[in-house]
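>>> Predicted model follows, preceded by the sequence.
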Amino acid sequence: MTVDTAAPTRSSLWRRALAEFLGTALLVAIVVGSGIAAERLSADIGLQLLENSIATTLGLAVLILLFAPISGAHFNPVVSLSDFVLGRRSRTGLAPGVLALYVVVQILGGIAGALLANAMFAVPTAVATTERATPATFLAEVVATAGLVLLIVGLARTNRSVPVIAAAVGSYIGAAYWFTSSTSFANPAVTIGRVFTDTFAGIAPASALPFIAAQVIGAAVAMGLGILLFPDPPTGTPPITASPQKAPTE
């Protein structure tokens, strides 16, 4: 998924971490903010979910286009973990230290995004009380996350362009809002962020833990399928970079 054979300089790593923080924060702000707006503007729950999913679909695609040239636009700890695991054999994945940094800033960004959305709509910040965890939603999160990670692996390993990846990933998340009973969180950082808003998009802490467990399982399933379906590109064929090549001056 990545080409990152040289150790990143402090400046390039700083930019990548900032991009991951901002991207994840803005993603959660979009999810939470559009949920609050939908709840205020529409009485019908189905219409609220439609409005929320459309905003998330479009917003995620834009964020990928904006930040992919800097950090690869992961915005998701299980995507970064998959990049690390699948890239070990060819030494193209995230280094362990970079993976740890990505996960930390993604989680902090998710929390910051929820707080930002609360502030923009003058909603008091509070721990969510919406219980979402059931056996059905656990399975749904496994499916949603497996589909997302497999999509990203497949697109990256078949050399698709960033605009294609942005459109495909955004479209998948928008669709998964509707075909999964969990409404497709598919992202531990987003899940943690949504704990900090007791609004339409919130999730209670007791439900967040099973959701995150399901997401890790889904990512593991996707990695196994990715290895079977999309073997590493032949030598000399550059894959799409999830963490971009360094310029000679860096």
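Yep, it's here.
>>> Quick one: low-confidence residue ranges for this structure.
1-11, 233-250 (pLDDT under 70).
>>> pretty sure residue 165 is touching residue 68, no?
Yes. Residue 165 lies in contact with residue 68 (Cβ atoms under 8 Å); the separation is 7.4 Å. To be clear about C-beta, it is placed using only N, CA and C from the backbone, and glycine gets the same treatment.
>>> hey, which helix is longest across the protein?
helix 10-41 (DSSP state H).
>>> Could you list the buried residues of that helix?
12-13, 16-17, 19-39 (16 or more other Cβ atoms under 10 Å).
>>> same check, this time on stretch 64-77
64, 65, 67, 68, 70, 71, 72, 73, 74, 75, 76, 77.
>>> Next, format these as CSV and append secondary structure and distance to residue 56.
Converted to CSV, the buried residues of stretch 64-77 look like this (DSSP: H, G, I helix; E, B strand; the rest coil; distance: Cβ to Cβ, whole Å):
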residue, secondary structure, distance to residue 56
64, helix, 12
65, helix, 15
67, helix, 16
68, helix, 18
70, helix, 21
71, helix, 20
72, coil, 20
73, coil, 15
74, coil, 17
75, coil, 12
76, coil, 13
77, helix, 18
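>>> residues in contact with the helix or strand hosting residue 189?
Assigning secondary structure by DSSP states H and E places residue 189 in helix 188-194. Contact with helix 188-194 is made by 24, 27-28, 31-32, 75-78, 103, 106-107, 109-114, 128, 185, 201-203, 208, 211-212, 215-216, as judged by Cβ atoms under 8 Å, 6 or more residues apart in numbering.
>>> Take those and keep only those in helices.
24, 27-28, 31-32, 77-78, 103, 106-107, 109-114, 208, 211-212, 215-216.
>>> dump the residue contacts of the residue most central in space within the chain.
Closest to where the C-alpha atoms of the chain average out (Cα atoms, centre = their mean) is residue 76, at 3.4 Å. Contact analysis of residue 76 by Cβ under 8 Å, 6+ apart lists 24, 106, 148, 186, 187, 188, 189, 190.
>>> which non-adjacent residue is nearest the fifth one?
So that's residue 187. residue 76 (4.4 Å; Cβ to Cβ, 6 or more residues apart in numbering).
>>> ok, the residue nearest to residue 218 when sequence neighbours are not counted to residue 223 distance?
Distances taken as Cβ to Cβ, 6+ apart place residue 145 nearest to residue 218, at 3.0 Å, with adjacent residues excluded. Separation of residue 145 from residue 223 (Cβ to Cβ, to the nearest Å): 11 Å.
>>> These two: who's more crowded?
residue 145 (33 against 20; other Cβ atoms under 10 Å).
>>> from memory the more buried one sits against residue 78, does it?
Yes. Residue 145 lies in contact with residue 78 (Cβ under 8 Å); the separation is 6.2 Å.
>>> which residues do those two both contact?
186, 187, 215, 218, 219.
>>> Pull the contacting residues for the last one.
Residue 219 makes contact with 78, 79, 81, 82, 145, 146, 149, according to Cβ under 8 Å, 6+ apart.
>>> Of these - the most surrounded one?
Busiest of these [other Cβ under 10 Å] is residue 145, holding 33 neighbours.
>>> and that one, what does it touch?
Residue 145 neighbours (Cβ under 8 Å, 6+ apart): 78, 186, 187, 214, 215, 217, 218, 219, 222.
>>> And for the second one, the neighbour number?
One way to gauge burial is a neighbour count; for residue 186, by other Cβ under 10 Å, it gives 30.
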